[in-house]
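*Asks:* need coordinates for the following:
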Amino acid sequence: MNVTTRVKLSTMMFLEFFIWGGWFVTLGPFLAATLKASGAQSGEVFSTQSWGAIIAPFIIGLIADRYFNAEKILGVLHIVGAILMYQMYKATDITVFYPYVLGYMIIYMPTLALVNSVSFNQMGDPEKEFSSIRIFGTIGWIIAGLIISFIFHWDSPEGIAAGALQKTFLMSGIASAILGVFSFTLPATPPTATEGKVSVSKMLGLDALKLLKDKNFLIFFIASILICIPLAFYYQNASQFLTEVKMDNPTGKMTIGQVSEVLFLLCIPIFFKKFGFKWTILVGMLAWAVRYTLFAYGNAGDLSFMLLIGIALHGVCYDFFFVSGQIYTDSKAGEQYKSAAQGMITLATYGVGMLIGFFVAGKISDAYKTADGHNWNMVWLTPAGIAAVVFVLFILLFNEKKTAVEAKA
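*Replies:* Residues are numbered from 1 along each chain as shown. Just a heads-up that it's a prediction; the model follows:
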């Protein structure tokens, strides 16, 4: 890959995740403080991510894979996304905001697959080259959080009171417009689908349902859906929680989670080889329970270290469960169902699992709402308990001793 192409792909990844990190992290406190949304209403807004994940395969399968170059679809989607983001910036009521955020997530979620397609199309050895490009996406997410907290201070108590979080949508909208225009300069990535009817089941990964006949894979599949319920609590409530307990620069400090994600990603091959899939994924499950327990009993004062450790556990929580799960799925699927199996797991987790999770998180937030905020102790102990139950069930029911990947190792 030449230097020009590498720079373009790295810039694309940086902007792709700068956009997402620039508004999604602070969405919770924005909805509560600026739009006065209830927990249930916030859950509905966050669930638009799941609806986007469910609809995305249709956009990719029916349009991008068959009729138009991926980089051109990427450009159009981000330009439309910039327009929707501007409407979100101007919205002053949750009923006005919701249709725009739903439309935006339906537009944005397909771009996550498109940036990968554009990247892979330029690589001779994706296994070695992709990580060095993808890491710029994580850097983009981190930079967005640092800008919000340490440059503009939009997430400070004074900034939130003044409605400054609304400006995050303007910042992300500008970045979306830039990426939209920039996408048309990216290397050509022509459609790859063959002629003929498009299989809906193949687009959604349903061709891989036969894998569920394997008891251990079925247990893993169900556990993947269930563990997304605690995951949804983090996305929906963490930023609002840190804001309410008055932690300084909460958005900036939440980027510790992304740094952790990069570091623990490097540890997975070693841990996977030494301890195997079952114990790797169990560590990920346990980390969710530990993280939320730390959130439940920590504070922004003398116990602030507990909150920071909870944030830093994001790498273990996410990488050890989801990334190792993707590796396990790949090893079980075989060549014929590799893509379908990954699509099925994505639909189950980011679609079904998190859709349930955001609904539950919204209801729990409302149930423990108080006059001056929330009873965060009880809010966090709920997902901690769910993660602990999933951990126990998995350790008892999942009996596979060695996977294909472990055997190779």
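*Asks:* show me the contacts for residue 91.
*Replies:* Neighbouring residues of residue 91 by Cβ atoms under 8 Å, 6 or more residues apart in numbering: 35, 97, 100. Where C-beta positions appear, they are placed from N, C-alpha and C, glycine not excepted.
*Asks:* wait, isn't the second one in contact with residue 45?
*Replies:* Yes - the pair residue 97 and residue 45 qualifies as a contact (Cβ atoms under 8 Å) at a distance of 7.3 Å.
*Asks:* ok so, going back, most neighbours among the contacts of residue 91, which one?
*Replies:* The residue in the contacts of residue 91 with the most neighbours, by other Cβ atoms under 10 Å, is residue 97 (23 neighbours).
*Asks:* name the residues that touch the helix or strand residue 146 falls within?
*Replies:* Assigned by DSSP states H and E, residue 146 belongs to helix 126-146. With Cβ under 8 Å, 6+ apart as the test, helix 126-146 has contacts from 1, 6, 9-11, 13-22, 25, 115-116, 119-120, 123, 171-172, 251-252, 254-255, 258-259, 261-262.
*Asks:* could you redo the last one with a cut-off of 7 Å?
*Replies:* Contact with helix 126-146 is made by 1, 9-10, 13-18, 20-22, 25, 119-120, 123, 251-252, 254-255, 258-259, 261-262, as judged by Cβ atoms under 7 Å, 6 or more residues apart in numbering.
*Asks:* which ChimeraX command selects the buried ones in these?
*Replies:* Burial among the contacts of helix 126-146 is assessed by 16 or more other Cβ atoms under 10 Å; the matching ChimeraX selection reads:
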select :9,10,13,14,15,16,17,18,20,21,22,25,119,251,252,254,255,258,259,261,262
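*Asks:* show me the contacts of helix 126-146 that map onto strands.
*Replies:* Applying DSSP state E to those, no entry is found in strands.
*Asks:* check contacts around residue 354.
*Replies:* 49-50, 228, 231-232.
*Asks:* tell me the secondary structure for the residue lying closest to residue 68 once chain neighbours are set aside?
*Replies:* Nearest residue to residue 68 in three dimensions, chain neighbours excluded: residue 191, at 6.5 Å (Cβ to Cβ, 6 or more residues apart in numbering). With DSSP: H, G, I helix; E, B strand; the rest coil as the basis, residue 191 sits in coil.
*Asks:* what's the lengthiest helix in the chain packed up against?
*Replies:* When the chain is parsed with DSSP state H, its longest helix is helix 256-297. In this structure, helix 256-297 packs against helix 126-146, helix 215-244, helix 304-312, helix 314-318, helix 324-333, helix 376-397, with contacts taken as 3 or more Cβ pairs under 7 Å, 6 or more residues apart in numbering; DSSP states H and E.
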